[in-house]
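Got a predicted structure here, sequence first:
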Amino acid sequence: MGLFDALKMRLPGLPGAAGKEFYKVLTEDDFMSANVTTYSGKWNKIGTYTVPAQNIYRFGYGNPNQPDNQGYLYIFLKDASGTEIRGKVRLAVADYNERVTTVVFEDRADVLHGSTSDRNQMKPLPDTGVKATEDMKLIIYLNPDSDSIVSYTQTVMTIPTTNTQL
């Protein structure tokens with residue numbers, strides 16, 4: 001047994017140690033890989049993140065009673081010209097086949113961005129408690145005010161999650 005293995009046995013709370021929670025911020029690169037055409041009057045899937053093997057993910061982290069210890073959501077959807085896309089954004093957790101989907105958050109797109117560095121201008125997203133296990137999906141939907149194309153290169157997202165590695 002090496003020194004690192006001995007330390008893990010003595011200090012089970014090491015960050016990233018098996019069975020321990022840590023925070024991870026997912027970005028547009030985790031959810032999108034190309035532009036997405038969306039149509040008004042319906043919920044359009046604009047991004048999907050599949051939970052890796054031996055992991056459990058939950059949208060958000062921390063709790064509202066401790067604002068210094070919770071995640072803040074930032075989503076700024078834009079078209080190819082850099083113009084903001086207005087509408088409603090929905091975060092959901094779904095099984096592998098997307099037969100069972102649980103909505104965990106919904107709000108207007110225009111209130112989900114303000115500043116990437118000032119949390120007072122960001123939307124708090126405490127831990128929702130809804131778990132997505134191995135091969136399940138974290139999904140972002142958009143119901144735009146008008147038909148539009150969400151640009152992968154112009155859109156910016158920072159979505160806090162709680163991750164547990166098994």
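Thanks, I have the structure now.

Identify the bridge partners of residue 160.
On the basis of DSSP bridges, residue 160 is bridged to residue 25.

Apologies, that question was intended for residue 78.
residue 84.

what separates it from residue 119, distance-wise?
22 Å (Cβ to Cβ, to the nearest Å). The C-beta positions use only the backbone N, C-alpha and C, and glycine is treated the same way.

And these two? Which one has more around it.
Higher neighbour count among residue 78 and residue 119: residue 78, with 19 against 16, using other Cβ atoms under 10 Å.

where does the protein dip in pLDDT?
Low-confidence segments of the chain, defined by pLDDT under 70, span residues 1-19.

That one: helices as residue ranges?
Taking DSSP state H to define them, one finds helices in the chain at 3-10, 28-31.

Determine the set of other helices and strands touching the shortest one.
To tie it back to what came earlier, the one meant is helix 28-31. Applying 3 or more Cβ pairs under 8 Å, 6 or more residues apart in numbering; DSSP states H and E, we find helix 28-31 packed against strand 44-50, strand 156-165.

go again using 10 Å as the cut-off
Here helix 28-31 touches strand 44-50, strand 72-76, strand 137-144, strand 156-165, going by 3 or more Cβ pairs under 10 Å, 6 or more residues apart in numbering; DSSP states H and E.

Go through these and name the closest to residue 35.
For the helices and strands packed on helix 28-31, proximity to residue 35 was assessed by Cβ to Cβ; strand 44-50 is nearest, at 9.7 Å.

Run the chain-centre distance for that closest one.
10 Å (Cα atoms, centre = their mean, to the nearest Å).

and that strand with strand 72-76, angle?
Comparing the axes of strand 44-50 and strand 72-76 via axes from the mean of the first three to the mean of the last three Cα atoms, to 10 degrees yields an angle of 130 degrees.

What strands line up against strand 44-50, and which way round?
In the sheet, strand 44-50 lines up against strand 137-144 (antiparallel) (DSSP bridges).
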